[in-house]
Every structure is written in C-alpha cells, then in structure tokens.
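J.: Only the shape, not the letters, is given here:
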Ligand SMILES: Cc1cc2nc3c(=O)[nH]c(=O)nc-3n(C[C@H](O)[C@H](O)[C@H](O)COP(=O)(O)OP(=O)(O)OC[C@H]3O[C@@H](n4cnc5c(N)ncnc54)[C@H](O)[C@@H]3O)c2cc1C
Ligand SMILES: Nc1ncnc2c1ncn2[C@@H]1O[C@H](COP(=O)(O)O)[C@@H](O)[C@H]1O
C-alpha cells in the first residue's frame, strides 16, 4: 500500500509568537519550527498502514527551504521518502493554490491513501485536506478518529467525531483522510531513524518542475489575502473573591444574574 | 462566474431541526446583505425536509432554496458538494455562509475547490471594506487574530464559528418564498456510505450550541466527580466540557476537550472548575464573553483572564452553587 502524507512546518505551539510591528506576519527570529502537530498523527497513521500492508510512505510539503526540517522529522519517524516544493512564486498563495500544488505532486506518486492533518496550528484553516481531495478526484473522510482498513486494502471504515456523536463511514481507496489527534499516539523518532534520515535525500521541486505557473497557483490566483495580524483582545484579570463557601456562591450567583445575565 | 448580490446560508440540520449555528448565520447574512441590496437565502439540502423548512421560515430569510433527494440523507461529502456546487453555479450568490461544524468543515473546502471560490474558515466577524469581504479569524492557536480579505470576482465561501451572531427571532414578518430546485443525483457518484451515527447520549446540551459551559479540569480528581458538574449544568441549562487531562485519563469522552487540540467555544459564560489556565486550554475558550474561574490556587493563570475569580475548593462550592441556582430558577417560575 502506497501512502502519501502531507506535512507542514509550523511554529511550535508551546512558544509565544511575536507579531511584526507592521502586522504583516510573525517575526521568525529565534522561533522554533516543528512539524504540525496533527501531521505527526498523519505520519503515524501512514507508518502503521505500511506495517500492516507493506509499501511506502512518502511525505510531501510545500514551503520554504527550512521546511526540510519538518520532513526530516517524518523521515526519522520512519517514512521512506520526502518531497518539498519550494518556490518564491508561492509567496502569497492561498490555501487553494497550495492544495493545487500538492495535487500536482501527488499525481506523480502512486497513492492508495493520502493523509493530512485535521488542521495546521498556524493557519487554523482545516481547508487543505478537502480541497486536495477535490483536485485529486478522491473520496474523503475528514477528522478521522478511528481507522480500520479492510484486509484486502481496498477501503476503510472510519469514525468521525461529529457534534453529539460518532459517524461511522465506509470509504473506498484510494481516498483522502484528514486525522484527529485521538487517532493514534505518534512514535518518537528512534536514534537509528534519525541517523538514517540525515542521509536521506529530500527532493526539492519548483513550480516549473511540476508544470505549474505562478499565474495558476501563486498570489495572482489567490482569492484570499491576509491583511493584518493583530494580538487578540487582551483579557483583564477581573474581580477575585477569597472568602468562605457562602461568599463564593453568592458572588458567582450575582455575577451570573447581574453581569452575564444568564440566570 | 459573475457575482450576484445574494447571501446564502447553508442550513445544516439533524432530527428535522436546523442547527443553531445555521440560524445564527441568517443574522450574519442579514447584516451583510444590507450593503449589497440582495436577498438572504437559506439553502436547505436533504431528504424529507418540510419540518426544517417550517423551522427556518420565520427566521428572516427572503428566499428558501431546497435541494431534496433521498440520497441527500444522511450527509455525505459527495452528495452535498454536488448539489451545493450546482446551485451556486446556477444562482451566483455573493457569499455562501457555512457553520463551522464537523459537517461544514468537511463540505466547504471541497465546494470552494470545485468552484474556484475564495474560502475563509473559522470566521469570527464578517464585514465589507471597499466592496470586499473582510473576515477576522483566530490564528496561531488564538495567539493572533488575522484579518483576511477575499479578492477577485465570483462567489466566496465563509465558514463561521458558532455563537458569533445572535439567533434571529422566530417571528420575522418576512414570508420567505420557497423555491424547490430540481436535483439530479446518481447513487454511483456518492462514494462513501454512512454505516451508522452513534449518538452519544448526553443529559446536557452539545458544547457548541451552549450559551453557558461548565468545564472541569484535572482538579476534578476522578471521573465520578464530573457528576457534580452535570448537576450544575442541568440546573443552568449548560453544557459540560473539560480540559485535556480528564480526556487523556479517560474520565470523559474525547469530544469534551476544549483547547488547541479540542474544540473552540465562545459561550456567554465559561465556568472553569479546577482548570489552571494553560495557553493550550485558553486557545479554545478565551473568546468566551465572560469567564468565571473556581480554583484553590490563587496564582492559577486562569485568574489572569477571568472576569470573576473565586479562590476556593470546587468540591465545596459547586454543590452549593447548584442548589442556589435551582432556587433562583424555581423562584422565577412562581
Ligand atoms: C501540543 C499540546 C496541545 C494541548 N492541547 C490542549 C487542549 O486542547 N486543551 C487543554 O485543556 N490542554 C491542552 N494541552 C495541555 C495543557 O498544556 C495543560 O497541560 C492542560 O490544559 C492542563 O489541564 P488542567 O488545567 O485541567 O490541569 P492542571 O494544570 O493540572 O490544573 C489543575 C488545576 O486544578 C486546581 N485544583 C485542584 N484541586 C482543586 C479543588 N479541589 N478545587 C479547586 N481547584 C482545584 C489546581 O489548583 C490547578 O490549578 C496541550 C498540550 C500540548 C503540549
Ligand atoms: N504547505 C503545506 N504543505 C504540505 N501539507 C500541508 C500544507 N499546508 C497544509 N497541509 C496539510 O493540510 C492539513 C490542514 O492544513 P490547513 O488546511 O492549513 O489547516 C495539514 O495538517 C497538512 O497535512
């Protein structure tokens, strides 16, 4: 079974971010960049399918050259190959543009399943997966929390967490899946894995290599543009009550009634 | 594709009732349509949808478009994407609004890709600037707010978070005209099949529909203690949620989790009980209108963001609070 996993490099969510003074983006000096958290789960899902069925796991990313490091993490976890599309013409591309580029790469690779994270923790978009499924003409199952591939590898039954329940859906392969964190526990890269990953070649492609133009997928084709980043509205510490239980209860009750007006 | 002036709302529904967020988006559509002068359109896909149409009717839409076909229930990506994309191609609305639910997030990007329509997700506000749609949305796990402009011609799609717009009153004088759109669907075009929907039985309401959320953290200490939160939630008409440790410890189901790897909620009141206030938790709830925190540690970071912070033992406070709330509620009934 041949699996393609889409991987994005993002700022570590543990660390604070600094918005540039002009609000055009974030200041990257000293920023720790890692593989998007959900993509670790996607990579793990790919590796488990390979363990079950044989085949290959290929990682694909679109981003600046530094995104190589995120791919390196996935190779160290055990992926077989990695491809990075890096082209300055993609600055300002929107999500549909990136999804088109991913589709162009994936069309050149054998794929029984394409696996994405549920969302990326920088853009918080949850857009690439389903858009990519459309460009590849594949059926999709998003936000997969449980995955069971049939013995012949012809399709899967997945659980999707929906509001107030779990949807059990059968999806034939080849398919595109986006995954939830509850799907699995990603493995840590092993020491031999890290050594092996260091020696692996990461193929870097440009738009030209893919037969795409900036006019089709770059900023000229983008239908959305980030105007500005701002800090979230500051929340102030409010009133603190330190008293006995009666006072605590009275304070909360009064707050719910008079300020929040929900009682 | 040319862009019309109508604002559409994709109406998601379950058990013959429209989802709350879909109705909220009718308010959003109304405020956006004032500048354009077009109609507010409710787009209702499904099978046997008469009761949904009846429920949407008095909520202020000018037109209800239906797409009715047995293959449109239960929801599948292929079925709903086909009818929504067809309808948008034929009618060219300016914007399609979709609620940020599991279903909406599954559908909207697929349709946007099919149509080449600009898409913005998890919007908190939408408005016009110089004739372009401007959306705000949390980014970087809520450490920043992005302002996004939708450019170019043709319809665009905005996926909007729940609880951002008021529920419209159910007594609008408008009598929406119901236009039944013909639907052609081939069973073979629907590649996935829904085997079952296991509804998780809850005595309290769903998190994303709740006006008030009572949430418990590691400070709850044991699974059985969540019963005191259930009691309080029932008394308040609230939903119950949690931070991540109770989920990881198996005390509560996965879908309770609020935060970076869980749900984003923005209720009127968020009552945090025994939750310290880690950034990953704040990522999911700091958009709440009011935050009330109960924690026995006066230095808990949650107190930095709480409108009302109560230093004390939740096991003493919550049961008494529940009794007091019940008294107030029954007093109103007198
Ligand atoms: C990549 C990543 C993603 C994450 N995503 C999420 C997420 O989505 N959501 C999330 O919540 N966390 C998330 N976390 C975990 C997060 O960092 C914190 O560990 C977590 O939020 C802490 O949960 P807590 O506040 O319940 O527990 P703790 O931090 O242990 O706090 C428990 C609190 O209970 C109080 N307490 C104890 N007993 C009582 C009592 N009797 N009465 C009153 N107060 C009491 C204590 O004073 C303490 O403040 C994530 C972490 C990582 C690394
Ligand atoms: N630049 C990218 N390169 C490769 N995969 C990506 C990229 N952006 C997003 N993805 C994939 O799409 C998922 C959802 O991202 P998003 O739609 O940006 O929230 C991620 O978890 C990745 O699997």
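T.: Everything's here; your move. Everything numeric in this text was worked out from a predicted model, so none of it was measured. Numbers count the residues shown, from 1 in each chain, chains lettered A, B, ... in the order given. Ligands and ions are numbered 1, 2, ... in the order given.
J.: What is the longest strand seen in chain A packed up against?
T.: When chain A is parsed with DSSP state E, its longest strand is strand A:140-149. Judged by 3 or more Cβ pairs under 8 Å, 6 or more residues apart in numbering or on different chains; DSSP states H and E, strand A:140-149 is in contact with helix A:37-53, helix A:128-136, strand A:155-162, strand A:165-172, strand A:175-179, helix B:102-115. Every residue, glycine included, has its C-beta placed from N, CA and C.
J.: which residue sits closest to whichever residue of the stretch 101-250 of chain B sits closest to ligand 2, ignoring its sequence neighbours?
T.: Closest to ligand 2 within the stretch 101-250 of chain B is residue B:109: 7.4 Å, counting by Cβ to the nearest ligand atom. Nearest in space to residue B:109, with sequence neighbours left out and distances taken as Cβ to Cβ, 6 or more residues apart in numbering or on different chains, is residue A:130 at 3.9 Å.
J.: I figured the one you found hits residue B:106, correct?
T.: Yes: the pair residue A:130 and residue B:106 passes the contact test of Cβ atoms under 8 Å, sitting 6.2 Å apart.
J.: Mutual contacts of these two, please.
T.: A:140, A:142, B:77 (Cβ atoms under 8 Å, 6 or more residues apart in numbering or on different chains).
J.: residues in contact with the last one?
T.: To tie it back to what came earlier, the one meant is residue B:77. The neighbours of residue B:77, taking Cβ under 8 Å, 6+ apart as the test, are A:130, A:133, A:139, A:140, A:142, B:106, B:107, B:110, B:192.
J.: Now restrict these to buried residues only.
T.: By neighbour count, with 16 or more other Cβ atoms under 10 Å in any protein chain shown, the contacts of residue B:77 hold A:130, A:133, A:139, A:140, A:142, B:106, B:107, B:110, B:192 as buried.
J.: pLDDT score for the fifth one?
T.: As summarised for this prediction, residue A:142 has a pLDDT of 98.
J.: again, but for the second one
T.: For residue A:133, the model assigns a pLDDT of 98.
J.: OK, now which residue of the stretch 151-263 of chain A is nearest to ligand 2?
T.: residue A:178 (6.5 Å).
J.: That residue reaches residue A:147, doesn't it?
T.: No: in this structure, residue A:178 is not within contact of residue A:147 by Cβ under 8 Å, at 11.3 Å.
J.: Tabulate the shared contacts of residue A:130 and residue B:106 (TSV), appending distance to ligand 1.
T.: Compiled in TSV, the shared contacts of residue A:130 and residue B:106 are given as follows (distance: Cβ to the nearest ligand atom, whole Å):
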residue	distance to ligand 1
A:140	24
A:142	19
B:77	26
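J.: dump the residue contacts of the closest residue in space to residue B:126 that isn't next to it in sequence.
T.: Leaving aside its chain neighbours, residue B:126 sits nearest to residue B:135 (5.2 Å; criterion: Cβ to Cβ, 6+ apart). Residues near residue B:135 by Cβ under 8 Å, 6+ apart: B:120, B:123, B:125, B:126, B:147, B:148, B:149, B:150, B:158.
J.: in the sheet, who's paired with the first one?
T.: Right, the one you point to is residue B:120. residue B:158 (DSSP bridges).
J.: which ones are touching it?
T.: Going by Cβ under 8 Å, 6+ apart, residue B:120 touches A:224, B:133, B:135, B:137, B:148, B:150, B:156, B:157, B:158, B:159.
J.: ok, these vs ligand 1, which is closest?
T.: Once Cβ to the nearest ligand atom is applied, the member of these that ends up nearest ligand 1 is residue B:137, at 18.0 Å.
J.: Now for the closest one, how many residues are close by?
T.: 25 (other Cβ atoms under 10 Å in any protein chain shown).
J.: Next up, phi/psi of it, please.
T.: Residue B:137 adopts backbone torsions of phi -160, psi 140, taken as degrees, to the nearest 10.
J.: Identify the residues contacting it.
T.: Applying Cβ under 8 Å, 6+ apart to residue B:137 gives the contacts A:124, B:120, B:121, B:122, B:123, B:124, B:145, B:146, B:148.
J.: give me the residue from chain A nearest ligand 2.
T.: residue A:117 (2.3 Å).
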